[in-house]
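Visitor: no letters, just coordinates:
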């Protein structure tokens, strides 16, 4: 297919340390391999040198500790499981209409457990999350809303 691999082999598959450059030149992976898949420490990099993901891999997916920097500037730095955000981490959204930082726990790609969401406006949600939904948002003005955080929007009523 035109991809170029420079590294160790075992049983006709990438295995050990190696570097793979895609034939299109868009993406490169440099790190450890097992049975033809990224496995262990490694990083995938865009052609311009920006890091796409740097961390631990398992069976070709981010798994363990790692950092991903997205093309739009968003950053996820923390724990992964089977290619999804999972465990303690920090997610910084730096583009779009709503800019924020979430520092807390994730499960299956969504905020789940204890976490703090801080908006660029200074508004803060600090509390428990379940399946990407939180309750009780504390605004910098002192107003407290009680309700659910659904689809990136808070839906509830004024508590105080």
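Guide: Thanks, I have the structure now. Quick caveat, the model's predicted, so the values are computed rather than measured. Numbering: from 1, shown residues only.

Visitor: now do the helix or strand harbouring residue 88: which elements does it pack against?
Guide: Assessed by DSSP states H and E, residue 88 sits inside strand 84-93. Counting by 3 or more Cβ pairs under 8 Å, 6 or more residues apart in numbering; DSSP states H and E, the packing neighbours recorded for strand 84-93 are strand 75-81, strand 100-107. All C-beta spots, glycine's among them, are computed from the backbone N, C-alpha and C.

Visitor: could those go into TSV alongside mean pLDDT and distance to residue 131?
Guide: As requested, the helices and strands packed on strand 84-93 are exported to TSV (pLDDT from 0 to 100; distance: least, Cβ to Cβ, whole Å):
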stretch	mean pLDDT	distance to residue 131
strand 75-81	97	16
strand 100-107	96	8
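
Visitor: to residue 10, which of those strands lies closest?
Guide: Closest to residue 10 of these is strand 75-81 (Cβ to Cβ; 25.2 Å).

Visitor: check which helices and strands that closest one sits against.
Guide: strand 61-69, strand 84-93.

Visitor: can you list the strands that the last one pairs with?
Guide: Spelled out, that is strand 84-93. In the sheet, strand 84-93 lines up against strand 75-81 (antiparallel), strand 100-107 (antiparallel) (DSSP bridges).

Visitor: contact partners for residue 71?
Guide: 46, 50 (Cβ atoms under 8 Å, 6 or more residues apart in numbering).

Visitor: for stretch 2-9, what is the average pLDDT?
Guide: For stretch 2-9, mean pLDDT is 95.

Visitor: same question for stretch 122-141.
Guide: The model assigns stretch 122-141 a mean pLDDT of 77.

Visitor: residues contacting residue 36?
Guide: With Cβ under 8 Å, 6+ apart, residue 36 has these contacts: 13-15.

Visitor: among the residues you listed, which one has the most neighbours?
Guide: residue 14 (22 neighbours; other Cβ atoms under 10 Å).

Visitor: find the nearest non-adjacent residue to that one, please.
Guide: residue 33 (4.0 Å; Cβ to Cβ, 6 or more residues apart in numbering).
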